[in-house]
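> just to be clear, the model below is a prediction. Sequence and coordinates:
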Amino acid sequence: MIGTYRVHGPRFIPTRFQPGPRPRRMRNGLCAALAALTLVTACSQTSGDRLSTGLYRFMGSQRNPQIETLENTVEYTIVPASRMMVSAPAALIVFERNLGGAVEQRIVLPNATSIRGDNVLHIRAQNADSSRLEEFNFEEVAQRFGGLPAPFERLNASTMRSGSDSLGTFVYSTETLGTSTVCVLVLRRLNAGARPLPRGTQALDLVMRNCVNGTVEQALAPMSEGALGVGASGRYTLSPHAAPRS
């Protein structure tokens, strides 16, 4: 929660012995001073969050107060499907928010199964403030993306499988429920060497929960190279430079 700061200053009480215009000038000056102090306070909050994040990273913690503040205060808005950072023709709705330059999208996919929860392709275009770019950490990703969805709540990194394609490597887990329902949870990071990224960001982190009445390959399809690549297989995603820049 963002702190509330109160500033106590001298109370100005005009008297009949003071020139008429002076009280207004003093009030205007006091307002300007208060506005400047509020701006400094806001900057101090941001600097404090950035410093705290650096200390947590130094100690090996997944905490990121700087991004946590934004995650708790910035709401998603519905955006047109044309703004998706990847190709997902079957998407039902697309949500987006900007976390201090780290653009985040939640793409809701159809779910024809009885498994609770939405099928979601969750994307965050990361920068140096929002994530540790030198590593892709399972615990940090799970925390930043709001935890693991059903039926993968108890999943841990050691039980996940690895895969690869022309865009790089990824990790995933599968759950078979009943006779025909398959759920997959996929985590992967794409860097600038794999495809263009939104301006001002250095990595594209993706987490997908997808349950289908079909095969593992069908469940993995929205996270495939054909869907995530730019111009792959004749299918083009929106230019990432069209995403918000600030």
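Received it, and whenever you're ready, just let me know what you need. Predicted model only: the values in this text are computed from it and were never measured.

> for Pro65, give its distance to Glu71.
The span separating Pro65 from Glu71 equals 10 Å under the rule Cβ to Cβ, to the nearest Å. Heads up, the C-betas are built off the backbone N, CA and C, glycines and all.

> and Glu225, how many neighbours?
Look at Glu225: counted by other Cβ atoms under 10 Å, it has 15 neighbours.

> so what's it closest to, chain neighbours aside?
Asp165 (4.3 Å; Cβ to Cβ, 6 or more residues apart in numbering).

> just Arg188 next, same as before
Computed as Cβ to Cβ, 6+ apart, the closest residue to Arg188 that is not its neighbour in sequence is Phe170, at 3.5 Å.

> report the contact partners of the one you found.
If a contact means Cβ atoms under 8 Å, 6 or more residues apart in numbering, then Phe170 has Ser162, Gly163, Ser164, Val186, Leu187, Arg188, Met223 as its contacts.

> just the helices in the chain please.
21-58, 65-73, 138-144, 216-220, 225-228 (DSSP state H).

> where among those is the average confidence lowest?
Sorting the helices of the chain by mean pLDDT places helix 21-58 lowest, at a mean of 50.

> so where's the protein uncertain?
Within the chain, the stretches falling below the threshold (pLDDT under 70) are 1-64, 230-246.

> hang on, the earlier thing: please report the distance of the residue nearest to Glu225 from Ala227.
Using Cβ to Cβ, one obtains 11 Å as the distance from Asp165 to Ala227.

> can you check Arg144 too?
The value you get for Arg144 to Ala227, if Cβ to Cβ is used, is 22 Å.

> quick check on these two: which one has the bigger neighbour count.
Neighbour comparison, Arg144 and Ala227: the larger count goes to Arg144, with 24 against 18 (by other Cβ under 10 Å).

> tell me who's in contact with that one.
For Arg144, the set of contacting residues under the criterion of Cβ under 8 Å, 6+ apart consists of Asn64, Ile67, Glu71, Arg124, Ser130, Ser131, Asp205.

> okay if I get these as a markdown table plus distance to Ser114 and neighbour count?
What follows is those, written out as a markdown table (distance: Cβ to Cβ, whole Å; neighbours: other Cβ atoms under 10 Å):
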| residue | distance to Ser114 | neighbour count |
| --- | --- | --- |
| Asn64 | 36 | 24 |
| Ile67 | 35 | 21 |
| Glu71 | 31 | 17 |
| Arg124 | 29 | 25 |
| Ser130 | 35 | 26 |
| Ser131 | 34 | 24 |
| Asp205 | 29 | 23 |
